[in-house]
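Engineer: Pasting the sequence and the predicted coordinates here, then a few questions.
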Amino acid sequence: MDIENKTSVYEEKEETQKVNPEEQKSEIKSEKDRVLQTAVIVAVGILVIGGITVALRLSNPQKDTKKGTEILKTMDAMDVSKADKKIKELEAQEREAEQDAEEQPASEKFTDCLVMGDSITQGLYEYGVLDQANVQADRGAGVSAGDNEKLADHIARAKEMKPSVLFLSYGMNDVGAQNGDADGFIKAYRLVIRDLKKSLPDTKIYINSILPAAQTAIDQNSVYAEIPKFNQKLKKLCEKEKVTFIDNTDLVKQEYYAGDGIHMSTGYYKEWVNHMAEVAEL
């Protein structure tokens, strides 16, 4: 299942100090919340003063409440106006931060991340979508595919790197290795997940679904028709192990398939990294 005829793209980048768009969005949201809280407090104060003014008028019609009314109007005009202006400013900043986040290169979002997987995962760096330093993948790799040395190397790399976020993307080779038996795959994957959770307690772990095979691939090997069953059981495993399952099934389009009906073209990888980044809030 090798990915053929693709060129690795490597570019050395100068390290620059940049503001993380996601952190900027979070700071703007916090500031916006503080402004809204202030506006609510002011509104409550206005209601309290208004209530007192009405109560005084009812209890003592002769009581001069003109001063209280003037204070009420002043607070209403001044504070609500300021709050409204501040909120509009923050909303503009928020829109700008969202735009910056969308334009931020995937390689920057995945700086402290590692993606582990098989030959499909190799496409992430072979198509230049992510830096190879953030991808640990090999042809034929799987959690139960028989080549334990490749998986062991991947796990060792993750333990050495200690990334803040770890994405696993295995399964296509396991479907064939297990001859369509999802139970053996799940048993092996459970051991991998538990090992990583124990060794990397501060790392957030995400498990990618197995991509659906094209009908042409299924026609050649009916075992690939079992992939939906594998994914259903994988999702349940993730729930039990308290790790996040990422379903990429809907990202796959017919035009993304390579000639073998299993591997993907460059268009898929851009959508895939964006989906992972969105789920992991990178």
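Structural biologist: Structure's in. What do you need? Numbers count the residues shown, from 1 in each chain.
Engineer: Now do the strands in the protein.
Structural biologist: 113-117, 135-137, 165-169, 204-208, 244-246 (DSSP state E).
Engineer: okay, now the residue lying closest to Asn208 once chain neighbours are set aside: neighbour count?
Structural biologist: In this structure, Asn208 finds its nearest non-sequential neighbour in Ser169, 4.0 Å apart by C-beta to C-beta, 6 or more residues apart in numbering. No exception for glycine: its C-beta is placed from N, CA and C like everyone else's. Using other C-beta atoms under 10 Å, Ser169 has 25 neighbouring residues.
Engineer: What's opposite Ser169 in the beta bridge?
Structural biologist: Beta-bridge partners of Ser169, counted by DSSP bridges, are Gly117.
Engineer: mind checking pLDDT for it?
Structural biologist: Looking at Ser169, its pLDDT is 98.
Engineer: circling back to that earlier point, now the strands of the chain as a markdown table including distance to Ile262?
Structural biologist: Shown next, in a markdown table, are the strands of the chain (distance: least, C-beta to C-beta, whole Å):
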| stretch | distance to Ile262 |
| --- | --- |
| strand 113-117 | 13 |
| strand 135-137 | 15 |
| strand 165-169 | 13 |
| strand 204-208 | 15 |
| strand 244-246 | 19 |
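Engineer: Out of the ones you listed, flag the one nearest Leu151.
Structural biologist: Among the strands of the chain, the nearest to Leu151 by C-beta to C-beta is strand 113-117 (8.6 Å).
Engineer: Mean confidence (pLDDT) on that closest one, please.
Structural biologist: Rounded mean pLDDT across strand 113-117 is 98.
Engineer: Counting by contacts, list what that strand packs against.
Structural biologist: Counting contacts by 3 or more C-beta pairs under 8 Å, 6 or more residues apart in numbering; DSSP states H and E, strand 113-117 packs against strand 135-137, helix 148-161, strand 165-169.
Engineer: which non-adjacent residue is nearest Glu226?
Structural biologist: Nearest to Glu226 is Gly180, by C-beta to C-beta, 6+ apart, at 4.1 Å.
Engineer: should've said Arg194
Structural biologist: Glu241 (7.0 Å).
Engineer: Count the neighbours of the one you found for me.
Structural biologist: Neighbours of Glu241 using other C-beta under 10 Å come to 16.
Engineer: And Gln178, by the same measure?
Structural biologist: Other residues near Gln178 come to 23 when the count uses other C-beta under 10 Å.
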